[in-house]
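Engineer: For reference, the sequence and a predicted model appear below.
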Amino acid sequence: MTGSGQRRVVVAGAGIPGLSLALALKRAHGPALAVTVCDPALASGAARHRGRAFAVAAGGRRMFAQLGIWEAVSAAAEPIRDMVVSDSRLTDPVRPVFLTFAQEPSPQDAVAGEPFAHMVEAEPLVAALLAACAAAGVVLDPVGIASADPGPEATELHRTDGRAETASLLVAADGARSRLREGAGIGWVGWSYPQSGIVATIGHERPHGGRAYEHFLPSGPFAILPLVAGGALGHRSSIVWTERAADVPALLGGGPDETLVEIERRFGLGFGRIVLEAGPSAHPLAFGIARRFRADRMALLGDAAHVIHPIAGQGLNLGLAGAASLAQAVTDALRLGLDPGAPDVLQTYERERRFETLAMGAMTDGLNRLFSTDALPVRLARDLGLGLVDRLPGLKRLFIGQAAAVRGTLPKLLRGQAL
Ligand SMILES: Cc1cc2nc3c(=O)[nH]c(=O)nc-3n(C[C@H](O)[C@H](O)[C@H](O)COP(=O)(O)OP(=O)(O)OC[C@H]3O[C@@H](n4cnc5c(N)ncnc54)[C@H](O)[C@@H]3O)c2cc1C
């Protein structure tokens, strides 16, 4: 508690999940709860996110609408209305389509008529979150949190500028290599993939029509994801291109013109002329999950708790689901006058999130192993599998519903409801 008896939550890490949680808590509790976000990267504002874009599932979009920022973000958000999946080699003259996901409204479906995801540009999204946090009264402090000493009433936080402060709850949203997770002695189970994820923004002559493509190539998936119109040629898409890590220096080392030729080989000719608008940047890929999502007076959030393969574009969505779930557990406690950092509050959060996170991690790991190979028997088996999913509308809807994070027991924010 602060000197005035006010409760206090400190979020270490100003990524999208950390900022979303801070905004949700401050909007729900106003002056009754002090909320601070600490991150040295706050000094550079939203600009460091330039050129990145994420597929935000329907649940995340509803949460942003509930938090009052969707209107500011929607100009930079392109609905994904349709998705086509193909399985081929780079040298195949045609890429047979095995699976199509269209928007399929149905009366009992909670997402009837709603796109299952939007491609959202990270810079305007973070800018909107920062502005809304500041307007709501969240303190944005450009400093790191080095360690924490939890006690019975509060946790003492040691900042990287040498100062100390206290909080009822510390949220470690400090990324995959979380120092706070390590400091709390929470183990990590995981492995690196021998792959890198290359991201870039591509300008093209012909419109994408809101359609996303995922081409499963032997070295990994190559995704083309629609962005809002603009750029030098009038239309733009984001690519997430998985390659064997050892091949990346040769693919990207020849300069932008050679990189563009490599991209064109995978992109196809259906979009007309293409140009590089932003990137490429390469990211090492890994799977990992924290053994626990909590310690004394500390909750792990976002990549600090879990890292998954980007094959299904779900890493950030898991972080947003975590933010919604933690915001609800903390809110339920505060409304009863209880301590938001108490073990049972954090247990509720962990119970809600850990199993679903493991299930999503296993699914993305399995898909990547199944598709990132050129062995013929595996190719035949998986093509049959994808064809079957395409022919079973119920199963496909479930698949889409899960990808859209709108099924099962959802925290209120993901349903678009106030806390
Ligand atoms: C190639 C690729 C494509 C992807 N595409 C998608 C997609 O389409 N959809 C999707 O849902 N997900 C996607 N993801 C996953 C997504 O990028 C991550 O899950 C998400 O960005 C994690 O956010 P985060 O805030 O948890 O971590 P980060 O973004 O790593 O942020 C952590 C923050 O913590 C700060 N920090 C570090 N240490 C401290 C400290 N001691 N004190 C205070 N602050 C600290 C850092 O400065 C940083 O700002 C993709 C990932 C990759 C690699």
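Structural biologist: Nice, thanks for sending it over. Numbering: from 1, shown residues only.

Engineer: from here on, contacts and neighbour counts on C-alpha atoms
Structural biologist: Fine.

Engineer: who are the neighbours in contact with Ile311?
Structural biologist: 221, 364, 367-368 (Cα atoms under 8 Å, 6 or more residues apart in numbering).

Engineer: for the stretch 51-200 of the chain, what spans make up the helices?
Structural biologist: Taking DSSP state H, counting those that start in this stretch, the helices of the stretch 51-200 of the chain run over residues 58-66, 70-73, 122-136, 179-183.

Engineer: Tell me which of these sits nearest to the ligand.
Structural biologist: helix 179-183 (6.0 Å; Cα to the nearest ligand atom).

Engineer: What residues of that closest one count as buried?
Structural biologist: Neighbour-count burial for helix 179-183 flags 179-181 (criterion: 16 or more other Cα atoms under 10 Å).

Engineer: One more: stretch 203-222?
Structural biologist: For stretch 203-222, using 16+ other Cα under 10 Å, the buried residues are 203-205, 207-208, 210-222.

Engineer: Could you tell me the end-to-end distance of that stretch?
Structural biologist: 16 Å (Cα to Cα, to the nearest Å).

Engineer: Low-confidence stretches in the stretch 251-400 of the chain?
Structural biologist: 372-400 (pLDDT under 70).

Engineer: one more time with 50
Structural biologist: Residues of the stretch 251-400 of the chain meeting the criterion pLDDT under 50: 392, 394-395, 398.

Engineer: how about the residues of it that lie near the ligand?
Structural biologist: Residues of the stretch 251-400 of the chain lying close to the ligand by Cα under 6 Å from any ligand atom are 283, 302-304, 310, 313-317.

Engineer: If any of these are buried, put those into a ChimeraX selection.
Structural biologist: In ChimeraX, this line selects whichever of those come out buried by 16+ other Cα under 10 Å:
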select :302,303,304,310,313,314,315,316,317
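
Engineer: out of the residues of the stretch 251-400 of the chain next to the ligand, which are inside helices?
Structural biologist: Among those, the residues falling in helices (DSSP state H) are 315-317.

Engineer: What segments of the stretch 301-419 of the chain are strands?
Structural biologist: 306-307 (DSSP state E, counting those that start in this stretch).

Engineer: Just the contacts of Ile311: which are in helices?
Structural biologist: Here DSSP H is the test, and the contacts of Ile311 give 364, 367-368 as lying in helices.

Engineer: okay if I get those as JSON lines plus neighbour count?
Structural biologist: Putting those into JSON lines (neighbours: other Cα atoms under 10 Å) gives the following:
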{"residue": "Thr364", "neighbour count": "21"}
{"residue": "Leu367", "neighbour count": "16"}
{"residue": "Asn368", "neighbour count": "21"}
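
Engineer: doesn't Arg211 make contact with Met83?
Structural biologist: Yes. Met83 is in contact with Arg211 according to Cα atoms under 8 Å; the separation is 5.5 Å.

Engineer: Please determine how far the spatially closest residue to Ile289 that is not a sequence neighbour is located from Phe293.
Structural biologist: Spatial nearest neighbour of Ile289, excluding adjacent residues (Cα to Cα, 6 or more residues apart in numbering): His306 at 4.3 Å. Going from His306 to Phe293 by Cα to Cα gives 9 Å.

Engineer: Comparing the two, which residue is more hemmed in?
Structural biologist: Taking neighbours as other Cα atoms under 10 Å, His306 and Phe293 compare with His306 leading, 28 against 24.
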